[in-house]
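Peer 1: below is the structure, and that's it, no one-letter string:
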């Protein structure tokens, strides 16, 4: 690594990230290094890390380089790799704008979940095309303590189990991943959303994110919740030809989710750059010992 490593800190509805610009993919960001940087007491702190790389410079993104110049190499706070992060895409786009690499309007961002269409609004909000939801068949159950609930299996490029509950407090502390069954439904783990109704097409959630614990917001989770709520409420845009919009309150703010008749799901919300600075290489070397 170079002697000094640039970083920024940002958040989307309080889902916060360490941002590491590395256009040429020159940094060796091991899982241990990512976990050290995301440590809230001994590091910078974040739910995850956004490694900013040109698609052409990353082996996992070269095939997408013709569609999207930039690749969001996203890592969970524990250093593990994730397919997608909806709030992360918005913060990633805000960084590109902050750095003068893009302007207001439309752009494409490559992710492990495919190329995402992004629109930076003049009013500051950012809309991300999150792709289509898959609804795998089969019954799923999630549990907290002695309580259990049926959950809707929704895949947004990453797996989600959506459970509708009477009270968000029933989710418990969410320090540990809530148990689920059958185990075969999610062989690589799952993000679990607990959801209550706030009003017509208005819900609120708490989430345990796989690899990060409870977070203040989860963009793909908000999309999964909106789709699950729509189907529960008898709304299917593909069948009716009419888009459906849900307001989804997360602990860190509010997201607006729209499912279009073609199946595309759009998420709109804020994204903020908080600070920027340099990582000290000596600190990082010591943290990895």
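Peer 2: Sure, I can see it. This structure is a prediction, so every number in the text was calculated from the model and none was measured. Residues are numbered from 1 along each chain as shown.
Peer 1: what's the average pLDDT for the helix or strand where residue 37 lies?
Peer 2: Remark: residue 37 resides in helix 31-38, with elements defined by DSSP states H and E. For helix 31-38, mean pLDDT is 96.
Peer 1: that helix: which residues count as buried?
Peer 2: Neighbour counts using 16 or more other Cβ atoms under 10 Å place 33, 34, 35, 36, 37, 38 of helix 31-38 among the buried residues. In short, each C-beta sits where N, CA and C put it, glycine included.
Peer 1: which stretches of the stretch 1-150 of the chain have low pLDDT?
Peer 2: Per-residue confidence for the stretch 1-150 of the chain (pLDDT under 70) gives these ranges: 1-3.
Peer 1: repeat that with 50
Peer 2: 1-2 (pLDDT under 50).
Peer 1: mind listing the helices for it?
Peer 2: 31-38, 86-98 (DSSP state H, counting those that start in this stretch).
Peer 1: so which of these is nearest residue 16?
Peer 2: Of all the helices of the stretch 1-150 of the chain, helix 86-98 sits nearest to residue 16, with 8.4 Å by Cβ to Cβ.
Peer 1: who are the contact partners of the residue nearest the centre of the chain?
Peer 2: Geometric centre of the chain, nearest residue: residue 85, 2.4 Å, by Cα atoms, centre = their mean. Listed by Cβ atoms under 8 Å, 6 or more residues apart in numbering, the contact partners of residue 85 are 15, 48, 72, 74, 111, 219, 220.
Peer 1: most widely separated two among the residues you listed?
Peer 2: 15 and 111 (15.3 Å).
Peer 1: who has more neighbours out of the two?
Peer 2: residue 15 (31 against 27; other Cβ atoms under 10 Å).
Peer 1: report the beta-bridge partners for the more buried one.
Peer 2: Residue 15 has the following beta-bridge partners by DSSP bridges: residue 12.
Peer 1: spit out the contact partners of it.
Peer 2: Per Cβ under 8 Å, 6+ apart, neighbours of residue 15: 47, 85, 87, 88, 91, 215, 216, 217, 218, 219, 250, 252.
Peer 1: show me how to select, in PyMOL, the buried members of these.
Peer 2: In PyMOL syntax, the buried subset of the contacts of residue 15 is picked out as below (16+ other Cβ under 10 Å):
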select buried, resi 47+85+87+88+91+215+216+217+218+219+250+252
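Peer 1: from the contacts of residue 15, which ones fall inside strands?
Peer 2: 215, 250 (DSSP state E).
Peer 1: tell me where the stretch 101-250 of the chain has strands.
Peer 2: Remark: strands assigned in the stretch 101-250 of the chain by DSSP state E, counting those that start in this stretch are 105-111, 114-120, 126-132, 140-144, 147-155, 159-164, 180-181, 191-199, 202-209, 213-215, 244-250.
Peer 1: of these, flag the one that's most buried.
Peer 2: Highest mean neighbour count of the strands of the stretch 101-250 of the chain: strand 159-164, a mean of 25 (counted as mean count of other Cβ atoms under 10 Å).
Peer 1: break this protein into its domains for me.
Peer 2: 4-125+271-287, 140-269 (automatic domain parsing).
Peer 1: one step back: wait, which of the strands of the stretch 101-250 of the chain is closest to residue 289?
Peer 2: The minimum distance between residue 289 and those falls on strand 213-215, with 24.9 Å, by Cβ to Cβ.
Peer 1: partner strands of that closest one and their direction?
Peer 2: Strand 213-215 is paired, per DSSP bridges, with strand 202-209 (antiparallel).
Peer 1: what's in contact with the partner strand?
Peer 2: Outside of strand 202-209, the residues within contact range by Cβ under 8 Å, 6+ apart are 47, 76, 168, 171, 174, 177-178, 191-198, 214-215, 217-218, 221-222, 225-226, 229, 246-251.
Peer 1: sorry, back to before: of the helices of the stretch 1-150 of the chain, which approaches residue 80 most closely?
Peer 2: Among the helices of the stretch 1-150 of the chain, helix 31-38 sits nearest to residue 80 (Cβ to Cβ), with 6.5 Å.
Peer 1: identify all contacting residues around that closest one.
Peer 2: By Cβ under 8 Å, 6+ apart, helix 31-38 touches 7, 18, 20, 42-49, 75-80, 279, 284, 287-288.
Peer 1: quick one: residue 8 and residue 275 touch, right?
Peer 2: Yes: using Cβ atoms under 8 Å, residue 8 is in contact with residue 275, at 6.8 Å.
Peer 1: quick one, which of these two is more surrounded?
Peer 2: A direct count of neighbours by other Cβ under 10 Å for residue 8 and residue 275 places residue 8 higher, at 22 against 9.
Peer 1: I am finished for the moment; much appreciated.
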